[in-house]
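Need coordinates for the below:
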Amino acid sequence: MKTRGMFTLVVLVALVACLISACIDSTPPSQPSASETPGTGITWYSYDEGMKIAQEQNKPVMIDIYADGCPHCIYLDRAFADPRIVELTDTFVCIKVHRDRRRDLAAKYNPSGGVPTVVFLHADDTEVYRFIGCPRAGAIEFVHDEMTVALSKV
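Purely as a prediction, here's the structure:
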């Protein structure tokens with residue numbers, strides 16, 4: 001009798017483990033592309049796609065380097081949803097780069113490693129301005145001011 005009860009318990013545990021593993025999505029999320037728009041109203045491109053568009057259209061680039069679990073990255077994303085910020089981003093080809101998924105680009109554009117870092121470039125990949133961080137209080141005004149400075153340099 002004990003053997004049958006133990007067998008039933010093992011089968012039950014195995015079934016629960018299978019159900020849990022089926023519910024967990026272990027694939028990493030893809031890099032944002034033109035069809036995905038984190039925030040509201042901003043079209044975000046992958047690095048390769050965005051740089052190609054920037055060169056073809058001779059438009060300046062804004063690269064947002066972010067990481068999961070970063071509270072200041074969340075403040076920045078919330079600021080990016082503000083209509084005044086969305087309007088300013090229309091001048092740029094906007095690119096999102098995940099620091100841990102694109103270590104090559106993080107090393108190139110953000111060697112200090114701090115996130116969020118927003119880098120502004122000419123279409124030829126020449127850096128013109130950057131800002132690091134985003135405050136919780138006054139995030140929209142902060143981002144607006146930083147982007148206004150960047151616009152004066154592109």
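
First residue to last residue on stretch 118-130, what's the distance there?
Chord length of stretch 118-130, first to last residue, is 5 Å (CA to CA, to the nearest Å).

Excluding its own residues, what touches that stretch? List them.
Contacts with stretch 118-130, where a contact means CB atoms under 8 Å, 6 or more residues apart in numbering, come from 51, 54-55, 57-65, 76, 92, 109-110, 117, 131-132, 146, 149-150, 153-154. Glycine gets a C-beta too; all of them are placed from N, C-alpha and C.

Centroid-nearest residue for the chain?
The structure's the chain has its C-alpha centroid closest to K96; by CA atoms, centre = their mean the separation is 4.4 Å.

So what are the sheet partners of the helix or strand encompassing that one and their directions?
Using DSSP states H and E, K96 sits within strand 93-98. Using DSSP bridges, strand 93-98 pairs in its sheet with strand 44-45 (parallel), strand 61-66 (parallel).

Go through the longest one and flag the buried ones.
Neighbour-count burial for strand 61-66, with 16 or more other CB atoms under 10 Å as criterion, is recorded at 61-66.

coming back round to it: pairing partners for the residue nearest to the centre of the chain in the sheet, please.
Per DSSP bridges, residues listed as beta-bridge partners of K96: D64.

and the gap between it and I63?
8 Å (CB to CB, to the nearest Å).

that older thread, inside strands: which ones of the contacts of stretch 118-130?
61-65, 117, 131-132 (DSSP state E).

tally of neighbours for C94?
Around C94 sit 25 other residues, with neighbours defined as other CB atoms under 10 Å.

Check what pLDDT it gets.
In this model, C94 is scored at 98, pLDDT.

Mind pulling up the pLDDT for S112?
The predicted structure scores S112 at 89 on the pLDDT scale.

picking that back up, with distance to W44 and pLDDT added, can I get the buried residues of strand 61-66 in CSV?
Listed next are the buried residues of strand 61-66 as CSV, based on distance: CB to CB, whole Å; pLDDT from 0 to 100:
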residue, distance to W44, pLDDT
V61, 12, 98
M62, 10, 98
I63, 10, 98
D64, 8, 98
I65, 12, 97
Y66, 11, 97
